[in-house]
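Undergrad: What would the 3D arrangement of this be:
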Amino acid sequence: MAVFRNNKPKPDSAPAIHSLLGKDVIFKGEVHSSSHSFRVEGVVEGTIHSTGEVSIAPGGLVKGNIFAKHLVVTGRAEGTMKITECLEIHGTGYVEGDVEVGSLVVDEGGTLQGVCVRKDRAEASAAKGGSLPPAKLPDSDPKRMDLKR
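TA: Have a look, this model is predicted:
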């Protein structure tokens, strides 16, 4: 009797989707999700709270607020987003609004329209009594511009 062993490591599988809002679903209200993943293929009008990952699929739309650990956008998100770890905007993704992130990844073709601040900078501003810091525009005087960027 022969024994066959496969010593090759198994490839990492894609993370499981634990909650799914399907293509033909329009949800209005507030969604609370645990540390498991939540995928939006339809439309959410309202607020999403998640201690895990939220992903917006191509064709998916979220209009409102998103509070999550990780947000992956290949569809469309409009509103205010506070992401404690990473916001990923893939090539077909579109994000519009005020965004606070731990880190940001935008693939070629992805769009971020609005104000984006890194979490540690937003916390420093909040400690001073502000919310999102105002956008800083470069001086119009060419002699005063910092060219060492």
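Undergrad: Please enumerate residues in contact with the helix or strand in which residue 67 is found?
TA: Secondary structure assignment for residue 67, by DSSP states H and E: strand 61-73. Taking Cβ atoms under 8 Å, 6 or more residues apart in numbering as the criterion, the residues outside strand 61-73 that touch it are 35, 40, 42-56, 75-90, 93-95, 110. Using the backbone N, CA and C atoms, a C-beta is placed for each residue, glycine as well.
Undergrad: Can you select the buried ones among these for me in PyMOL?
TA: What follows is the PyMOL syntax selecting those of the contacts of strand 61-73 that are buried according to 16 or more other Cβ atoms under 10 Å:
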select buried, resi 40+42+43+44+47+48+50+52+53+54+55+56+75+76+77+78+79+80+81+82+83+86+87+88+89+90+93+94+95+110
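Undergrad: among the contacts of strand 61-73, which are in strands?
TA: 40, 43-50, 53-56, 76-89, 94-95 (DSSP state E).
Undergrad: is it true that residue 41 touches residue 27?
TA: No - applying Cβ atoms under 8 Å, one finds residue 41 not in contact with residue 27, separated by 11.2 Å.
Undergrad: Please enumerate the shared neighbours of these two.
TA: Counting by Cβ under 8 Å, 6+ apart, the shared contacts of residue 41 and residue 27 are residue 21.
Undergrad: So those two - more neighbours on which side?
TA: In this comparison of residue 41 against residue 27, neighbours counted by other Cβ atoms under 10 Å, the higher total goes to residue 41 at 19 against 15.
Undergrad: Backbone dihedrals for the more buried one, please?
TA: Here the main-chain torsion angles of residue 41 (degrees, to the nearest 10) amount to phi -110, psi -20.
Undergrad: Kindly report the same for residue 107.
TA: Comment: the main-chain dihedrals of residue 107 come out as phi -80, psi 160, following degrees, to the nearest 10.
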